[in-house]
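Enquirer: everything below, folded, please.
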Amino acid sequence: MRVAVAGATGNIGSRTAASLERDGHEVVRISRSLGVDLLTGAGLDDALQGVDAVVDATSAPPMDLEQTRAYFRSATTHLLEAEQGAGVRHHVLLSIVGIDRTEGGTDHYAGKRIQEELVQQGPIPWTIVPATQFHDFAALAASWTERDGAATIAPLLVQPIAPDDIGGVLAEVSVGAPQGRYVDVAGPETQDLVDMARRTHAVLGREVRLIPTWDGPLGEELAGNILLPGAGARIAPTTFEQWLASIRPSGGSRA
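Expert: The predicted structure is shown next:
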C-alpha cells in the first residue's frame, strides 16, 4: 500500500513512516525540508499521486494563538484539497485525548481542534486518532518556562505514551478502513507531570527546580481527568520507566 506521511521528519511522523516500511508498505514522506510545503501547497499534488492513505502527524512551530490556528487551518486545507484531487481514500489525523472536552490548553491544542473540524467536515473519509501526551512531554513543558535553573509546570495527571507506540498505531490504522473517531490511545500508567519532568531531568543529568502551578500554558481547566483516556481506550505497552531507561546515556539511543 502507498501511504503518505505529513510531518515525516518529525518525532511521530518519522516513527510512523518507519513502522509502515517495516510492514512492507511504500511511504511518501511529506515535509518542507523534503520539498513539499503544506502552507503553500507547493509539491503536494505530485507527492500524492497514487497514494492510498495519508497520515497527518504535523506540528506547528512555536507561534501565538492566532498564528497557530492559521497555520493548522492553511496546512490542513491544502492537504485535504490535494488528497481529493489525487483520489486519496483515507485521511488519518493524529490528535490529542481530551481536547474535544475542553476549550482550554495550549495554543497547539487550539490548532489541533481546528484540524479536527476541518477533517470531519472535509471530503476525504477519515480517522482521528486521539493520543495522550508523549513520554518526553513533561520535560518539554518545563522548558517552556525555564529561566535561571527554575521552571513552572502544571501538576497535571496524564497517561503518557511512548512515541514509538503511537507511531505504530498510526501506521496500523492508516492501512485499514476509515473509522471516524478512533478510541483514545494511551500508555499503561497514570503519571504526575511534575514527577515525570523531575525524573526525566535526573536521567538527562539536568538540575531544574520545578515549581508546580496552574499559572502557565497548561491551566486548571485541564485538571482532573480531562487529559486521561476514556472508557475502552487502547493501551500501548511501553511504560514511562522503560522509556526513561532507553534515554539514559548507557541505555542506548533515545526512543
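
Enquirer: what residue in this protein is the furthest from its centre?
Expert: residue 148 (29.1 Å; Cα atoms, centre = their mean).

Enquirer: and it, how far is that from residue 211?
Expert: 12 Å (Cβ to Cβ, to the nearest Å). Glycine gets a C-beta too; all of them are placed from N, C-alpha and C.

Enquirer: which residues are in contact with the nearest residue to residue 77 once chain neighbours are set aside?
Expert: Among residues not flanking residue 77 along the chain, residue 118 sits closest, at 6.4 Å (Cβ to Cβ, 6 or more residues apart in numbering). The neighbours of residue 118, taking Cβ atoms under 8 Å, 6 or more residues apart in numbering as the test, are 73, 76, 77, 80.

Enquirer: also residue 215?
Expert: residue 152.

Enquirer: one step back: look up how far residue 209 lies from the residue farthest from the centre of the chain.
Expert: Distance, residue 148 to residue 209, by Cβ to Cβ: 9 Å.

Enquirer: what does residue 76 give?
Expert: From residue 76 to residue 209 the distance is 39 Å (Cβ to Cβ).

Enquirer: the two: which is more packed in?
Expert: More neighbours surround residue 76 than the other of residue 76 and residue 209, with 24 against 11 (other Cβ atoms under 10 Å).

Enquirer: name the SS class of the more buried one, please.
Expert: At residue 76 the chain is in helix, as set by DSSP: H, G, I helix; E, B strand; the rest coil.

Enquirer: quick thing: my sequence starts at 795, can you match it?
Expert: Will do, 795 is the new start, and the previous item becomes residue 870.

Enquirer: mind checking pLDDT for residue 951?
Expert: pLDDT, residue 951: 95.

Enquirer: so where's the stretch 795-944 of the chain uncertain?
Expert: Nowhere does the stretch 795-944 of the chain drop to pLDDT under 70.

Enquirer: fine, thanks again, bye for now.
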